[in-house]
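Trainee: Sequence and predicted model, in that order:
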Amino acid sequence: MPELPEVEVVRRGLQRWVVGRTVGRVAVLHPRAVRRHLAGAADLTARLAGRTVLGACRRGKYLWLPLDSADALVAHLGMSGQLLVRPPEAPDETHLRVRVAFTDGGAELRFVDQRTFGGLALSELPPDGTGPPAVIAHIARDPLDPGFDEAGYVRATRARRTGVKRALLDQTLVSGIGNIYADEGLWRARLHFARPTETLTRGEITRLLTGVREVMHAALDQGGTSFDSLYVDVDGRSGYFDRSLAVYAQAGRPCPRCGTPVRRDPFMNRSSYTCPRCQPRPRRARW
DNA sequence: ACATCCACCTGCTCGC
DNA sequence: TGCGAGCAGGTGGATG
């Protein structure tokens, strides 16, 4: 379940192993993995071949590799996606969807995705070459982005008429936050997920961003969060940040701050985890 | 324009 | 043992 820190670990792997190399043969093994490339799999493989990778970028949970054309290869890992760097002779993974070989004959880039919620696409870069490609222009800057507009985020959040966790998960307001980091950030800020956004003070929103950033940095220090073998970095190693989670997936376990058993609530056909004492449910609640 | 809902996927775990 | 239900959940398009 990759969120920003996990995706950043993958970006660093791509930076190290893929940037500067020229693409050779590309094979799309599952059409769903390139469904966001509207021109189709054949167009993607044809346009990718022969291109040199110029960089490895990320915004929120999206990755893109600028190419020596006007395009970038955009990747989203969805729920279960992996970008692996593997020797050409390594056996195919069970859920291998796209194979990208390089002209140097070295390690391949493989997109592996059990559920195929993620995928790859080619998208035009903006004319000045900076910033994300067109298909992800709607994704807001993430909390670790130096260009993140904190005052603007406070204004936009308070202008919403929804619950604070819904706003946190809205990638057009702030990106990179999924269910895990939302719950952990809210716990650090001592906020309940159902707090109406318009009742949040500037200080509370700042506290929330601080909490999210702290938990993201902690995860990055440990190589990313993982609960099973689904999330791995480009070498196939899995992170182990789950040992440090305060509330997420910790129902019934003591809150690390006050010892009260962590509570699980249904939320948007998913789950939310809170400490009932540190994060009391607001009188007026918006789920 | 904004808020909310749900389909899209597969594999694992749990209870009967 | 078998089987169905529930769960994991990011995204974008549909709906309200």
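Mentor: Received the coordinates, thanks.
Trainee: Let me see the contact set for the closest residue in space to A:P132 that isn't next to it in sequence.
Mentor: Nearest non-adjacent residue to A:P132, counting by C-beta to C-beta, 6 or more residues apart in numbering: A:R59, 5.1 Å away. Using the backbone N, CA and C atoms, a C-beta is placed for each residue, glycine as well. Neighbouring residues of A:R59 by C-beta atoms under 8 Å, 6 or more residues apart in numbering: A:P132, A:I136, A:I139, A:R141, A:D142, A:D145, A:S175, A:G176.
Trainee: Let's have those in TSV, adding distance to DNA strand B.
Mentor: Formatted as TSV, the contacts of A:R59 follow (distance: C-beta to the nearest atom of the strand, whole Å):
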residue	distance to DNA strand B
A:P132	20
A:I136	17
A:I139	15
A:R141	17
A:D142	19
A:D145	22
A:S175	15
A:G176	18
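Trainee: quick check, nearest of these to A:R277?
Mentor: A:G176 (28.6 Å; C-beta to C-beta).
Trainee: For that closest one, give its distance to A:D170.
Mentor: The gap separating A:G176 from A:D170 is 12 Å, by C-beta to C-beta, to the nearest Å.
Trainee: For these two, indicate the residue with more neighbours.
Mentor: In this view A:G176 and A:D170 are compared by other C-beta atoms under 10 Å, and A:G176 has more residues nearby, 25 against 16.
Trainee: Next, the more buried one: phi, psi?
Mentor: The phi/psi pair for A:G176 (degrees, to the nearest 10) reads phi 100, psi -10.
Trainee: thinking again about what came up before, the contacts of A:R59 also near DNA strand C: which ones?
Mentor: With C-beta under 7 Å from any atom of the strand as the criterion, the contacts of A:R59 include A:I136 near DNA strand C.
Trainee: mind listing the helices for the stretch 1-150 of chain A?
Mentor: In the stretch 1-150 of chain A, the helices defined using DSSP state H, counting those that start in this stretch lie at A:4-17, A:41-48, A:150-159.
Trainee: need the contact list for whichever residue of the stretch 151-287 of chain A sits closest to DNA strand B.
Mentor: Closest contact between the stretch 151-287 of chain A and DNA strand B, by C-beta to the nearest atom of the strand, is at A:T162 (3.3 Å). The contact partners of A:T162, by C-beta under 8 Å, 6+ apart, come to A:P196, A:T197, A:R286.
Trainee: Please name the residues that touch the first one.
Mentor: Remark: with contacts taken as C-beta under 8 Å, 6+ apart, A:P196 is in contact with A:R161, A:T162, A:G163, A:V164, A:P282, A:R284, A:A285, A:R286.
Trainee: Mind putting those into CSV with pLDDT, secondary structure and distance to A:V34?
Mentor: Output for those, formatted as CSV (pLDDT from 0 to 100; DSSP: H, G, I helix; E, B strand; the rest coil; distance: C-beta to C-beta, whole Å):
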residue, pLDDT, secondary structure, distance to A:V34
A:R161, 93, coil, 37
A:T162, 94, coil, 33
A:G163, 95, strand, 35
A:V164, 96, helix, 36
A:P282, 93, coil, 44
A:R284, 88, coil, 45
A:A285, 87, coil, 41
A:R286, 85, coil, 38
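Trainee: Could you identify which of these has the most neighbours?
Mentor: Going by other C-beta under 10 Å, A:V164 tops these with 27 neighbours.
Trainee: That residue contacts A:E198, correct?
Mentor: No: in this structure A:V164 lies outside contact range of A:E198 using C-beta atoms under 8 Å: 10.1 Å.
Trainee: Stretch A:150-164: how far from the chain's middle?
Mentor: On the basis of C-alpha atoms, centre = their mean, to the nearest Å, stretch A:150-164 sits 21 Å off its chain's mean C-alpha point.
Trainee: Check stretch A:269-277 too.
Mentor: The chain centre lies 21 Å from the centre of stretch A:269-277; the measure is C-alpha atoms, centre = their mean.
Trainee: buried stuff in that stretch?
Mentor: A:S272, A:Y273, A:T274, A:C275 (16 or more other C-beta atoms under 10 Å).
Trainee: any idea which of those residues is closest to A:A249?
Mentor: When the buried residues of stretch A:269-277 are compared for distance to A:A249 (C-beta to C-beta), A:Y273 wins out at 6.8 Å.
Trainee: So the closest one: helix, strand or coil?
Mentor: What DSSP: H, G, I helix; E, B strand; the rest coil gives for A:Y273 is strand.
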